[in-house]
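Undergrad: Quick one, fold the following:
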Amino acid sequence: MTITTKLGELTGDYVLDTANTRIGFVIRQVLVMKVRGRYDEFEGSAHLDGDDPSKSSVRLTIQAKSIQTRNKRRDEHLGSAYLDAANHPTITFTSTRVEQVDQTNFKVTGDLTVRGATKPVTVAFELTAAGDDPSGGFRVGFEGKSTINRNDWGVSWNAVAEGGGALVGEQVTLDFSIVAIRRS
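TA: Just a heads-up that it's a prediction; the model follows:
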C-alpha cells in the first residue's frame, strides 16, 4: 500500500483491523523512567470523506481490563486503581470534528470517556498508507498521538516515591497505529 492514493479515493465506511492496529500509551514512572502499554481488546469504525474530511467521523471502544504492560501485577493494579474497570468497563472516543492540516495530516477532535468522565481530546493523525491489500480489500493506515493529563479523567491514584515526589507522572501520551478496512 502507498499513500499516492488521492484523498477522494478514501471515501467510505471502515472498520478497524484489530489484528494490525495498536492502541497504546506511554507514561513516566520515577523508578523505571517510562511505562509503555497497550490495549488488546477494542473495536472501532470510521466514515472517511476524502473530498471533504470535515464530514469524516471516528468511533472507538476499548475494554479497560485489556490493558497490557508486560507485567501482570501492574496491569491488574492499573485496571483497578487507575481505570476502575469493574465499574467503568469501557474507554470510548467519539469524534466531534475532523480538520485537514495538509495532504496527509489531520486533527481529530472528540470526546474521550474514561472512568465515566468525558473530556475533549485532539489527536494529530498522519495518513501513512492506503491501497488494495492482497485479499482484494482496501485498507488505510494512520499514525496518531495526543498527550493528556490523566487527572482530568479522575485517573488520579498515585504514591510517593522514595525521596519525595509522585511515583507516576500525570502526562500520558496516547499512541495510535491504525489499520482500517473499507466495508463500502
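Undergrad: Name the nearest residue to residue 91, ignoring sequence neighbours.
TA: Of all residues beyond its chain neighbours, the one nearest residue 91 is residue 62 (4.2 Å), with distances taken as CB to CB, 6 or more residues apart in numbering. (C-beta placed from N, C-alpha, C; glycine too.)
Undergrad: what about stretch 104-124, average pLDDT?
TA: When pLDDT is averaged along stretch 104-124, the result is 97.
Undergrad: now do stretch 143-150
TA: What stretch 143-150 shows for mean pLDDT is 96.
Undergrad: tell me which residues in that stretch are buried?
TA: Of the residues in stretch 143-150, those buried under the neighbour-count criterion (16 or more other CB atoms under 10 Å) are 144, 146, 148, 150.
Undergrad: again, but for stretch 111-129
TA: Judged by neighbour count (16+ other CB under 10 Å), stretch 111-129 contains these buried residues: 112, 113, 114, 115, 121, 123, 125, 127, 128.
Undergrad: Not counting sequence-adjacent ones, nearest residue to the second one?
TA: To tie it back to what came earlier, the one meant is residue 113. Leaving aside its sequence neighbours, residue 113 is closest to residue 92 (4.7 Å, by CB to CB, 6+ apart).
Undergrad: go on, the first one?
TA: Spatial nearest neighbour of residue 112, chain neighbours left out: residue 121 (4.4 Å); criterion: CB to CB, 6+ apart.
Undergrad: hang on, that neighbour packs against residue 109?
TA: Yes - here residue 121 lies in contact with residue 109, judged by CB atoms under 8 Å, at a distance of 7.1 Å.
Undergrad: Quick check: end-to-end length of stretch 123-139?
TA: 20 Å (CA to CA, to the nearest Å).
Undergrad: what comes into contact with it?
TA: Residues from elsewhere that reach stretch 123-139 (CB atoms under 8 Å, 6 or more residues apart in numbering): 1-3, 5, 9-10, 12, 17, 101, 104-110, 140-146, 174, 176, 178-182.
Undergrad: Please convert the buried members of the residues you listed into ChimeraX selection syntax.
TA: Buried members of the contacts of stretch 123-139, defined by 16+ other CB under 10 Å, are picked up in ChimeraX with:
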select :3,5,10,12,17,106,107,108,110,140,141,142,144,146,174,176,178,179,180,181,182
